[in-house]
Structure formats: structure tokens, C-alpha cells
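**Student:** could you look at this predicted model? Sequence included:
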Amino acid sequence: MRVPACLVPGCLVLLAACGGPAADPSAGPRDTLIFSAPADATTLDPHNTTDTESDQVIGMVFEGLLGFDDKMQIVGRLAESWSVAEDGVTWTFTLRQGIRFHDGAPFDAEAVRRNFARVLDPAQKHKRLPLYVMLDRVDVVDPATVRIITKYPFGAFEPTIAHISSSIISPLAAERFGLEFGKTAAATAGTGPYRVVSWRKDQELVLERVDDHWRVPAPTRRLIYRPIPEGAARVLALEAGDVDVISRVPPPELTRLGQSDRVQLLKTVSIGAQQFRFNVTKKPLNDTRVRQAISYAINRRAIVDTLVAGFATPSTSALTPIMRGYANLGEIPYDPEKARALLREAGYPNGFKTTIATTPRYPMGVELAEALAAQLKVVGIEAAIRVYDWGTMVQFWAGLPPEKNPQEIFIMGAGASTADADWGLRPIFMTAPTNENNYGYYSNAEFDRVIQAAMRETDADERQRLYRRAQEIVYLEDPGAVWLFDNQYIVAARRGVEGVTPSSLGVVTFERATVH
Amino acid sequence: MLGRTLPVLAGVSLLVFLIVHAIPGDPAVIAAGLESSPETVEQIRRSLGLDRPLPEQFARFVGRAVQGDLGVSIRTGVPVTEEIAHRLPHTARLALWSVAAAAFFGILAGALAAVRRNSLLDHLVMSATLVAVSTPSFWLALMLMLTFSLWLGWLPSIGATSPLHYVLPVATLALQAAGEIARMTRAALLDVLGDEFVRAARARGSSGRRVLFRHALANALVPITAVIGLRVGGLLAGTVLVESVFAVPGVGRMMVEAVVARDFPVIQGGVLVIATLYVAVNAATDTVAVVADPRLRA
């Protein structure tokens, strides 16, 4: 292999310092798998997690009453069976028996009750409280039966109980560590197939298989989670064999890695979609026709093919196909003529000036904004691009009243972590006085009515019909955003790694992984 | 010594405090995450004391800092001193080895070039140092990884679990400094080698090596240590990047993540620690200069 000439001075410094070649012992299945993501977990407390990196570890260490399988179907985990009463608010769970937490505490109905009491306790300041506003109380019927009662019939109850934040933690550890739970390896105990043995921040977090786990006999004994912030370095470490699996592959590397004989790409559809949202309080974006015009002026196919190298699919609705409640409304065609006609109708025959706010935190965030601006220019809309760092961007989305928010069109990579239409639409597009989660102040009376009805609807068919209507409104009739494409969740693994499954929620399942 | 250090650190603290609060971005919002409610955000803001007036916040920070308490990380809820304590050894090791490597190779190369002035070796060394000082470290880091980890397979690419892991990050950090030190050494030596006392030493029959080390290098050491001392600041700044690329769990990388998350206590604590280090190193190089140059002893 030839070394670029410009590296030579670097080698002078180096050669003196390094010894012989590092040995690479690899034959037969290995008992350790090393996984690398851009950042370390911030907490191992399921009731307090809001980032994917923490979810990744929590998902291996904890289990909930319910969970999602690889196809995002809801399955029983710690609950053997469950049912809802006629009243639509009383849910009865029959629990699996004989399960113990990693610290030895038994899993039973009392543990479940104490978990939800902890989630709902305002003194604990848990970040996930908003997910559980519909919870009324949890009753212990007997050690193997628990009853969860909601304040009103809630259509998305099961996905909420399957959500990672509904994971059950050891009541013993919860009591012992209080607010310190999940901050260190020792202060973490769940029922999952792996337990945390050590955690050196930003360096490595080591998980060890629980032998005789009730659900999965995991083939690989140790999982090491080693964060590498820099995307290019993550790819290099994978190719050099220093790590086995990486997440968040930089999009420009995908095509090359897909053809590599050392690396395999594993893909699944994500709950997340890349979109640019409208601030509907800004002129002329307050006009439905203008927003429709922008939507028709965007060539989504071209963006998918060039910027993400085909590793995504053009959007077909305001939700992604893997989500409960999704309705396929078709791709919005690229039609600049129609866009111009709509602009004329709205009184902007010569277009107008606007701004697009974006952040490099999203993969290709700046490039996407540039592509959008270039395509808008074709129909006469002059969009200036404003690039912000993540902290500043979030500031705009933090409960500001419209007059204080300068953003007009802004990037958003949204995905509801319950994989359900309720969480994917209600907080984001239902009328709200500030942009607490409705960052574009979207407001549509019919949409509000439909969403509220759907939220309390427990009949599956009727629920689906209502959510379809809601998507028609916000996606086609009165657009709240330009939906560009549904993301794929892609991880790259060394060849020889098997049984690793990326989940639509943006985490990787390692419980059936083997490494050769 | 202390009389000079304390005002510097107080000034740094105030500056960082002001900068951190002047840049847009609300740590409570970021900590709460995008799916949370305004009530949660408000609760977090209150619990962090971010709803208090700025002078009060600063007074509280200083009051605690002098007792060795730098507050609690917003992102992780762990005390900042603890966060720094895990990471400081990595950054210190990285910086120390880089300074040592840069000084050793820099002085060696510079001395060789000066002794063989205008020879092919001199030209080679000088062109190499020019490349060294102009190579962007981000690019260099990836190229070193590509060459020594991926192609040759000699060194681990990322991490900090063995001494071998430090070779590439140290090389990345040291290269630029080594180039600068080499150029400074050559210039300083040439300056001294032309002086009369060197000629006098030669006339007395001292060996070439003795003249170089005992007479010339000892006299050239003052400007060289000054450059090394100044470069330490650059090295510490460089760790921010190098630690991120090579996934070394040091203070620099912690700072990057803290800035993104607007984790005020961690940013303030981190800067304070780095500033202390910088001041300490410069005090140390001043001391070395005094030892090397009797004229500076007052």
C-alpha cells in the first residue's frame, strides 16, 4: 500500500514511538462485541431518558411489561397477557413469575406499582412525565396481577407501555439510589438480558450477559459500548477491526461501505422522517396555497438519489409506514407548473423572499437546506439559508410565542418514540398557544377535532380512519411541513458479525448477536 | 506566583461565565429534550438555578468554586469535579507526551539542521517542518489512522485503553509543535554558533559535540523553552479536536459535548481547569528559563 508523500514527516515522529505490529487473534466465535455510536449514554435511568444513545443501553438492560418486536409489533415482555375492560380505561396485566432483577429483587406487581409511582412523582423531575399524563393510578390485585387505570380511554396506551421509558427498574435499587439511579454502573438494575458491569464515561460501558435469562440466551457474553464522536473516525475504526458495529454512518460513506468486502450495511425503515416545517404565523407561509406551492416545487426523488444516495424513501404521509396509524397518501409529485399556479393564485406571481433555518446536527442538514433553496428558486422563491448549532436551534423551539420566533421554514427530523400516530401528530400539530412542541404554530380546527377524537378512540378501525383523515389534512390539504423522505436506520457491521438487528426506533438489538 | 495566578483565573472565570450566558441556547430546554413539556423545562431551569439573576449565579459559582465545588453537570447530573477527575489524566497524559515528543524531535531536527547548515539534510528538515506546521491536525489525524491502523494494521485506531493507543493522537498533536520548535532551535543555534564564545571554545580545542551541547545549545535554550511554553496552549486547544477524533475520553472532548448541550457548569469547570493547567505550565517554563539563563535570576 502506498503512503501519500505528504505523510512522511508524520511518520518520522511516529516510527520511533511504535513497536511491532499489533497481534490480531481472531478465530472462531468471539465472546465480545464492540459497538460504537457518536456519543456516550447520558443516563441509564429509563424514566429519564430522551436520547438514543441512552436508549440503546437501557434497551439491553431493562424490559417493560410490553415491548416492540423487530417489526414494531407490540409483544408481551414482563407481562404474560393483558386486556382492557369494557370501560376502556382499566387495563389488567398478568405478570410473568419467577423473574428477578439483576440485584436479586423479585419482579412482581408491587414492583410495577412502585415504578409508575416513581414516573409520576413530580419530586423526581423525570423528563418523561409528559408521556404519562393519561395515567390515573396503578393497583396491585395480587403479586402476579396489576391493574393500570387511565383517566380517559387512550388509544395509544399499549405503545406507551411498550415505550422504553415504561421499562421496569428494580424497586430495591430505586429506593437505595433515589435520584442517583442510573448514573453509575452499580446504581443500575433491570431484568434485561444484559447487566451493566462497568461504565467509564466517554470511554467504555461494559455489559455482561445474564446467564439463564428468562427470554433470550444471548450468544455473546460481553457487549462493549465505545463512543466515537467523529463519523469518519468511526468508519475507520470499523474498517480497521477495532470495533464490530457502528451506528450513524456518515451518508457520504454509505455507497462505498455498501460495496466493501469487510463491511455489511444493515438497514431498517425508521420511525423518523426528514422534513422542513413551516412557521404558519409568518407571511406568506400563513397562506395554505403558498405552503402547497412549496410542497409541489420540491423534487424529493432528486434529493433522495443525490444527497442520501438512495438510502431513504420519499415520504408518502406525515408519518412513516412503520408507525401505527400510518396511511399511505402517496408521494407528492414534483410539479413546478402547479407550484407557480398556486403562487399566482395566492397573489405572489413573482415569488417572495423567505428563510430556511437548519442545523448540521441532522445528517446532511445544511446540504438539504441548500437543495431546497435551489429548487424553490426555480419557482421564484428566494430562500436565504440560516445555519444554527443545535443548542441555538432548540432555543427557537422552546415554548416561544410567535412574535419572538424568527424562523420561517425550518428543518426537523421528527420521529415519535412510541411509534404511534398519537405521539407523532398530537404534540406537534395540534393548536397550542406557544410552540411548546408545535414548533410551527400549526393550527387547523378540523385537525384538532379529529386528533382529539382519535386519541380517545380504542376501536382499531375507527382509530385508523380518524388518523387517516388527520394525515390528509396536515400532509395534503393544509400542509404543516414539506416531508422529504422517510429515514432508514442504518448500522454498519464487520463481516462475520451476525444476528444484529437495527430497530426502527434507532437502536440496535444485540441479544442474538454472534461475532466471528 | 499565586499572586499572578489568581487574578488570571478570576478573569478567565468571569469571561467564560459571560460568554456562556451570552451565546444563544438554553441548557434547560436541551436537557429536557424535544418531546417534553414547558412545565418540565421550567422545573429543570428552576432546579438548576438558571432562573436567578446573572450576578447571583456568578457569585454562587465563585463561592462554590473556591471550596472546590464546580456544580453538577446538567446533562448527566454528576458533579463536575468528578466528571473532570475521570478525564483529566487522559488529557494530561496526551499533552505531556505531546510536549515531550515535540520537544525531543523538534530540538533534534533543529540541531541537525543548524549543524549541517545549507546541506541537503538542512533543506530536507526545513521543508519537513514547513509541511508539519501547515498540516491541519484534523486531516492529519484521519490520515495517520488510515495509514497505521487500516493499511498497515500496526496501531489501534481509537480509544485510550493502552499506551499504544496514545501513539497516533500524540503524533497528531506533536507534529505541528515539533515543526515550530525545530525551526526555532535552528534559528537560535545558528545565532549562538556564530558568537565569539563559541569560536573561543573551538579555539580552546573543545570537541564539536561539547561545543554544541555545553555551549551553544545551553545558550539557545531560553528562546526554545519560551516557544515550548507557548505551544502548550496550542496543544491543550488541540486536544479538543484530537480527543474527539481518536475517541480519547479527555477534558477536551467533554468540553465539545458540553458546549453542544450548553452544559454551563461543565463548560465553566472545564475552562477553569484548562486555564489552571496553562498557567501552571507557563510558570514551569519560566522557572526552566531562569535555571537555563543565570541573567534572569534577580
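**Tutor:** Here it is on my side, so go on.
**Student:** residues touching residue A:430, list them.
**Tutor:** Contact partners of residue A:430, counting by C-beta atoms under 8 Å, 6 or more residues apart in numbering or on different chains, are A:438, A:447, A:448, A:451, A:452. The C-beta positions use only the backbone N, C-alpha and C, and glycine is treated the same way.
**Student:** list just the nearest of those residues to residue A:398.
**Tutor:** Nearest to residue A:398 among the contacts of residue A:430 is residue A:438, at 12.2 Å by C-beta to C-beta.
**Student:** closest residue of the stretch 151-298 of chain B to chain A?
**Tutor:** Nearest residue of the stretch 151-298 of chain B to chain A, counting by C-beta to the nearest C-beta: residue B:249, 3.6 Å away.
**Student:** give me every residue that touches that residue.
**Tutor:** Applying C-beta under 8 Å, 6+ apart, the residues near residue B:249 are A:200, A:201, A:202, A:203, B:86, B:87, B:90, B:160, B:243.
**Student:** so where do the helices sit in chain B?
**Tutor:** Here chain B has its helices, by DSSP state H, at B:2-22, B:27-32, B:38-48, B:54-65, B:80-115, B:120-134, B:137-145, B:167-193, B:196-203, B:208-210, B:218-245, B:251-260, B:264-292.
**Student:** which residue ranges form the strands in the stretch 151-300 of chain A?
**Tutor:** For the stretch 151-300 of chain A, applying DSSP state E, counting those that start in this stretch gives strands covering A:194-200, A:204-209, A:222-225, A:245-247, A:263-278.
**Student:** strand partners of the longest one, parallel vs antiparallel please.
**Tutor:** Sheet pairing here is set by DSSP bridges, and for strand A:263-278 it gives strand A:409-414 (antiparallel), strand A:481-494 (antiparallel).
**Student:** now the third one
**Tutor:** When pairing is defined by DSSP bridges, strand A:222-225 lines up against strand A:32-36 (parallel), strand A:204-209 (antiparallel).
**Student:** from the chain's centre, how far out does the last one sit?
**Tutor:** To tie it back to what came earlier, the one meant is strand A:204-209. The chain centroid and the centroid of strand A:204-209 are separated by 23 Å under C-alpha atoms, centre = their mean, to the nearest Å.
**Student:** so it versus strand A:194-200, what angle?
**Tutor:** Going by axes from the mean of the first three to the mean of the last three C-alpha atoms, to 10 degrees, strand A:204-209 is angled at 160 degrees with respect to strand A:194-200.
**Student:** contact partners for the closest residue to residue B:83 other than its chain neighbours?
**Tutor:** With sequence-adjacent residues excluded and distances taken as C-beta to C-beta, 6 or more residues apart in numbering or on different chains, residue B:83 is closest to residue B:73, at 5.6 Å. Residues counted as contacts of residue B:73 (C-beta under 8 Å, 6+ apart) are B:79, B:80, B:83, B:258, B:263, B:265, B:266.
**Student:** so which of the contacts of residue B:249 wins on neighbours?
**Tutor:** In terms of neighbours by other C-beta atoms under 10 Å in any protein chain shown, the contacts of residue B:249 top out with residue B:243 at 28 neighbours.
**Student:** mind checking pLDDT for that one?
**Tutor:** The model reports residue B:243 with a pLDDT of 90.
**Student:** need the contact list for it.
**Tutor:** So residue B:243 contacts B:90, B:91, B:94, B:169, B:249, B:250, B:251, B:252, B:253 (C-beta under 8 Å, 6+ apart).
**Student:** redo that, cut-off 7 Å
**Tutor:** B:250, B:252, B:253 (C-beta atoms under 7 Å, 6 or more residues apart in numbering or on different chains).
**Student:** show me the contacts for residue A:424.
**Tutor:** A:319, A:323, A:416.
**Student:** tell me how far it lies from residue A:274.
**Tutor:** Residue A:424 sits at a distance of 14 Å from residue A:274 (criterion: C-beta to C-beta, to the nearest Å).
**Student:** how far away is the nearest residue to residue A:516 once chain neighbours are set aside from residue B:208?
**Tutor:** Excluding the flanking residues, the one nearest residue A:516 by C-beta to C-beta, 6+ apart is residue A:496, at 4.0 Å. From residue A:496 over to residue B:208 the distance is 59 Å, taken as C-beta to C-beta.
**Student:** also residue A:265?
**Tutor:** Remark: distance between residue A:265 and residue B:208 (C-beta to C-beta) = 62 Å.
**Student:** looking at the two, which is more packed in?
**Tutor:** More neighbours surround residue A:265 than the other of residue A:265 and residue B:208, with 19 against 9 (other C-beta under 10 Å).
**Student:** how far away is that one from chain B?
**Tutor:** Remark: distance between residue A:265 and chain B (C-beta to the nearest C-beta, to the nearest Å) = 18 Å.
**Student:** contacting residues for that residue?
**Tutor:** If a contact means C-beta under 7 Å, 6+ apart, then residue A:265 has A:254, A:257, A:258, A:490, A:492 as its contacts.
**Student:** before we move on, the earlier item: comparing the strands paired with strand A:222-225, which comes out most buried?
**Tutor:** strand A:32-36 (a mean of 23; mean count of other C-beta atoms under 10 Å in any protein chain shown).
**Student:** rounded mean pLDDT for that one, please.
**Tutor:** The average pLDDT within strand A:32-36 is 96.
**Student:** next up, phi/psi of the residue of the stretch 151-298 of chain B closest to chain A, please.
**Tutor:** Residue B:249 has phi and psi values of phi -80, psi 70 when expressed as degrees, to the nearest 10.
**Student:** can you pull the poorly scored residue ranges out of the stretch 301-450 of chain A?
**Tutor:** For the stretch 301-450 of chain A, the stretches with pLDDT under 70 are A:399, A:433-436.
**Student:** residue of it closest to chain B, please.
**Tutor:** Proximity of the stretch 301-450 of chain A to chain B (C-beta to the nearest C-beta) peaks at residue A:391, 3.0 Å away.
**Student:** mind checking which helix or strand residue A:138 is in?
**Tutor:** Assessed by DSSP states H and E, residue A:138 sits inside strand A:135-142.
**Student:** using PDB, write down the CA coordinates of that strand.
**Tutor:** In PDB, the C-alpha atoms belonging to strand A:135-142 read as follows (Å, rounded to 0.1, in the frame of the first residue of the first chain):
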ATOM      1  CA  LEU A 135     -52.200   7.700  33.800                       C
ATOM      2  CA  ASP A 136     -54.600   7.800  36.800                       C
ATOM      3  CA  ARG A 137     -53.300   5.000  39.100                       C
ATOM      4  CA  VAL A 138     -51.800   1.500  39.300                       C
ATOM      5  CA  ASP A 139     -53.500  -1.100  41.600                       C
ATOM      6  CA  VAL A 140     -51.900  -4.300  42.800                       C
ATOM      7  CA  VAL A 141     -54.500  -7.100  42.500                       C
ATOM      8  CA  ASP A 142     -52.200  -9.900  43.600                       C
END
